[in-house]
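Visitor: Provided below are the primary sequence and the corresponding predicted coordinates.
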Amino acid sequence: MTHYEIRLEGRLDDRWATWFDGLTLAHDRDGTTLRGEVVDQTALHGLLQRIRDLGLPLVSVTHLDPHASEGTPE
């Protein structure tokens, strides 16, 4: 499994959390951040398609090192 942080412009309501395969949702003044483990590239592309389908602008996709402190890119 690989850890990712996906940043979105806009606020994604917490009720959508189950739609994103167990990723955690966090909000700040700039938008929404999804974080967590993704099984493989196919699953990552599936998540990105869901984001596209919601119409939320994608800000970034960052691969995270699971051994580093949380939120630090690899």
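Guide: Okay, I see it. Numbering: from 1, shown residues only.

Visitor: And residue 13, its phi and psi?
Guide: Main-chain torsions, residue 13, degrees, to the nearest 10: phi -60, psi 150.

Visitor: Backbone dihedrals for residue 9, both of them.
Guide: Torsion angles at residue 9 (phi, psi; degrees, to the nearest 10) stand at phi -80, psi 130.

Visitor: Find the nearest non-adjacent residue to it, please.
Guide: residue 57 (4.0 Å; Cβ to Cβ, 6 or more residues apart in numbering). No exception for glycine: its C-beta is placed from N, CA and C like everyone else's.

Visitor: Make sure the one you found is actually in contact with residue 6.
Guide: No: judged on Cβ atoms under 8 Å, residue 57 makes no contact with residue 6 at a distance of 11.8 Å.

Visitor: okay, those two: which has more neighbours?
Guide: residue 6 (21 against 11; other Cβ atoms under 10 Å).

Visitor: need the strands for the chain, in chain order.
Guide: 2-9, 24-28, 31-38, 58-64 (DSSP state E).
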